[in-house]
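Asks: here's my sequence, what's the structure:
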Amino acid sequence: MFIRVSDSHMRSISKAISWRIVGTVDTFVITLVITGNFIIAGSIASVESISKIILYYLHERAWSKVALGRKGPATEARGGVPGADRQFEASPAAVLTSATVTGAGLRSSSSCSA
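Replies: Take a look at the predicted model:
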C-alpha cells in the first residue's frame, strides 16, 4: 500500500531544478538543430530554464494542496484534516487488517480436524 506524504519545499525545489536541467538541455539541442547557432540556442535555453523553474515550483506547490487521486492514511496527505486518521482507524478494513496481523478478536475454531 502506498502512503502519500506531503513533500517539503526543499524537495519541490530540488525536483524543479533537476527537471529543468533535463528540459534545458533538451531546449538547447532542439534550438541548436533548428537554428544552427550556439549563441541563440544558449540564450533561449537560459531564459527558458529560469522561467520554468519558477513555474514548476508554483505548479508543484499548488498540486500539493489538491487531494485528487490521493490515497492512504497520512494526515499530511489530507492537508491536516482533524479526525481523518481516526476515521481510517475505525474503518472495517483497518479492524480486519489489525485482527489478521495480531490475532485479536478472531474466534478460535474447534471444527477443524487435524
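Asks: so where's this protein uncertain?
Replies: 1-5, 72-114 (pLDDT under 70).
Asks: please, where are all the helices along it?
Replies: Counting by DSSP state H, the segments of the chain that form helices are 9-35, 38-63, 84-89, 92-102.
Asks: could you export the ones you listed as JSON lines, including mean neighbour count and distance to Lys71?
Replies: All C-beta atoms are positioned from the backbone trio N, CA, C, and that covers glycine. Formatted as JSON lines, the helices of the chain follow (neighbours: other C-beta atoms under 10 Å; distance: least, C-beta to C-beta, whole Å):
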{"stretch": "helix 9-35", "mean neighbour count": "14", "distance to Lys71": "20"}
{"stretch": "helix 38-63", "mean neighbour count": "14", "distance to Lys71": "15"}
{"stretch": "helix 84-89", "mean neighbour count": "13", "distance to Lys71": "11"}
{"stretch": "helix 92-102", "mean neighbour count": "11", "distance to Lys71": "12"}
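Asks: reformat the ones you listed as JSON lines; add distance to Gly69.
Replies: Below are the helices of the chain laid out as JSON lines (distance: least, C-beta to C-beta, whole Å):
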{"stretch": "helix 9-35", "distance to Gly69": "18"}
{"stretch": "helix 38-63", "distance to Gly69": "10"}
{"stretch": "helix 84-89", "distance to Gly69": "16"}
{"stretch": "helix 92-102", "distance to Gly69": "19"}
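Asks: from Ser18, how far out is the nearest residue to Leu32 once chain neighbours are set aside?
Replies: Among residues not flanking Leu32 along the chain, Ala41 sits closest, at 4.0 Å (C-beta to C-beta, 6 or more residues apart in numbering). Distance, Ala41 to Ser18, by C-beta to C-beta, to the nearest Å: 21 Å.
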